[in-house]
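Enquirer: based on what follows, work out the 3D shape:
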Amino acid sequence: MSKKNNSGLSRRTFLQLTAGASLVSGFGITKNASAEAGEKLSTIIDLNLCDGCADREIPACVAICKEINKNKIPPPIDPIPEPWPRKTIEDWSKKKEVFDRLTPYNFIYVHKAEIDFAGRKRTIYVPRRCMHCDNPACATICPFSANHKFKNGAVVINQNQCFGGAKCRDVCPWEIPQRQSGVGIYLHVLPGLMGNGVMYKCDLCFDRLKEGKLPGCVEACPREALLIGSEKAIKQVAVERARRINGWIYGDVQNGGTATLYISPVPFEEINKTMIRKPGQPDMKMEIPRRMAGTDPLGKMVLAAPFLGLAAAGAAGAWNWFSRRKGQLKKKEGKNG
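Expert: Sure, this is the predicted structure:
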């Protein structure tokens, strides 16, 4: 299921119609579409509208995402401790400019698919980022409770609590989260033994939503191919658009359903044929059963051992206190000096 709207619906009008609340902040987002309101949000990525920003060096959604998150990751320690027993270090700090795949510094990229369907050749552009699953296995399996699904639909990794064990990436059907080694709380606990950095991914611009702003990719898209609104309204719009173009929807059933709905004028099976699954470059397989079932035993184990999450939170709190105290002492010394 999926369709494109040919009615010229603007982003502002869309949100007015779907959320049914007064507009605030001048960004065209409604009170009901904020992170604090508790209403579950969903997004549409309309491949019938996206042109990959072919006239730009970097697609607008990618460029604004990079700009918003450019200061998110602190500089990694040098040298980065070699983790044990696995000796894999993932350091993207010197490759921040990469934009053709997912990295800790690049939360969205655009795949170009050349499709020959129904006797017609088409070029389809597919923005890829976190799907924000309805029942994310990544949030269930995290032993330190660093990954959380919020009521507004966003799946967010707390970088101050993440040890970079990459369990979230292992259970993600699309292997979305990406690791930056040499940063994070593990450096202050057991570097080289416990953890290997921090996992990063799209968080649906959670902080911007709290401020009443649109996610960067939604706001920046020049063709309004990305939209956000209440889950109910988004699903209705997606189905209607799909009906109008006799198209397809992706994300409504995959992995048990997601808060991201792709709309395409060609079957996703055809799009998937153009995708070779690589690190940071997920495919779009149609048959993706809910992975929660496979991780339920681990989820129960985590619930049975909540001290792990508490330990991480406690360590994070202790380190934050120590850092603040250190800063206070330096200021005091400066005044006394």
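Enquirer: in contact with the spatially most central residue of the chain, which residues?
Expert: Taking Cα atoms, centre = their mean as the criterion, residue 202 is the residue nearest the geometric centre of the chain, at 2.3 Å. Neighbour list for residue 202: 65, 107, 108, 129, 130, 132, 176 [criterion: Cβ atoms under 8 Å, 6 or more residues apart in numbering]. Placement of C-beta: from N, CA and C, glycine included.
Enquirer: let's see 6 Å
Expert: The contact partners of residue 202, taken as Cβ atoms under 6 Å, 6 or more residues apart in numbering, are 107, 129, 130.
Enquirer: part of a strand, is it?
Expert: No: counting by DSSP: H, G, I helix; E, B strand; the rest coil, residue 202 is not part of a strand but coil.
Enquirer: distance check, it against residue 130.
Expert: Distance of residue 202 to residue 130, given as Cβ to Cβ, to the nearest Å: 4 Å.
Enquirer: now swap in residue 175 and tell me
Expert: Between residue 175 and residue 130 the distance is 11 Å, computed by Cβ to Cβ.
Enquirer: neighbour count winner among the two?
Expert: Higher neighbour count among residue 175 and residue 130: residue 130, with 25 against 19, using other Cβ atoms under 10 Å.
Enquirer: which one of the contacts of residue 202 is nearest to residue 183?
Expert: Ranked by distance to residue 183 (Cβ to Cβ), the contacts of residue 202 are led by residue 107 at 16.0 Å.
Enquirer: quick one: residues contacting the nearest residue to residue 80 once chain neighbours are set aside.
Expert: Of all residues beyond its chain neighbours, the one nearest residue 80 is residue 182 (3.6 Å), with distances taken as Cβ to Cβ, 6 or more residues apart in numbering. In this structure, residue 182 makes contact with 76, 77, 80, judged by Cβ under 6 Å, 6+ apart.
Enquirer: mind doing that once more with 7 Å?
Expert: Residue 182 makes contact with 76, 77, 80, 91, 197 under the criterion Cβ atoms under 7 Å, 6 or more residues apart in numbering.
Enquirer: ok, and the most crowded of these?
Expert: The contacts of residue 182, ranked by neighbours (other Cβ under 10 Å): first place residue 197, 30 neighbours.
Enquirer: for it, grab phi and psi.
Expert: With angles defined as degrees, to the nearest 10, residue 197 shows backbone torsions of phi 120, psi -150.
Enquirer: surely it meets residue 181?
Expert: Yes: contact criterion Cβ atoms under 7 Å: residue 197 and residue 181 qualify, at 3.9 Å.
Enquirer: between those two, what contacts are shared?
Expert: Contact criterion Cβ under 7 Å, 6+ apart; residues bridging residue 197 and residue 181 by contacting each: 90, 164.
Enquirer: how much space between residue 177 and residue 137?
Expert: As judged by Cβ to Cβ, residue 177 and residue 137 stand 12 Å apart.
Enquirer: show the pLDDT at residue 333.
Expert: What the model reports as pLDDT for residue 333 is 53.
Enquirer: and for residue 319?
Expert: With respect to pLDDT, residue 319 has a value of 52.
Enquirer: where along the stretch 201-337 of the chain do the strands fall?
Expert: Remark: strands of the stretch 201-337 of the chain, listed N- to C-terminal, are 226-230, 248-250, 260-264; assignment by DSSP state E, counting those that start in this stretch.
Enquirer: export those as JSON lines, with columns for mean neighbour count.
Expert: Formatted as JSON lines, the entries for those read as follows, by neighbours: other Cβ atoms under 10 Å:
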{"stretch": "strand 226-230", "mean neighbour count": "26"}
{"stretch": "strand 248-250", "mean neighbour count": "23"}
{"stretch": "strand 260-264", "mean neighbour count": "27"}
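Enquirer: want to throw these into CSV with distance to residue 240 and mean pLDDT?
Expert: What follows is the strands of the stretch 201-337 of the chain, written out as CSV (distance: least, Cβ to Cβ, whole Å; pLDDT from 0 to 100):
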stretch, distance to residue 240, mean pLDDT
strand 226-230, 13, 97
strand 248-250, 11, 98
strand 260-264, 10, 98
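Enquirer: and the strands in the stretch 51-200 of the chain?
Expert: Under the criterion DSSP E, counting those that start in this stretch, the stretch 51-200 of the chain contains strands at 109-117, 120-128, 147-149, 155-157, 178-180, 198-200.
Enquirer: give me the phi and psi for the closest residue to residue 134 other than its chain neighbours.
Expert: For residue 134, ignoring the flanking residues on the chain, the nearest one in space by Cβ to Cβ, 6+ apart is residue 257 at 4.3 Å. For residue 257, the backbone dihedrals (degrees, to the nearest 10) come out as phi 110, psi 150.
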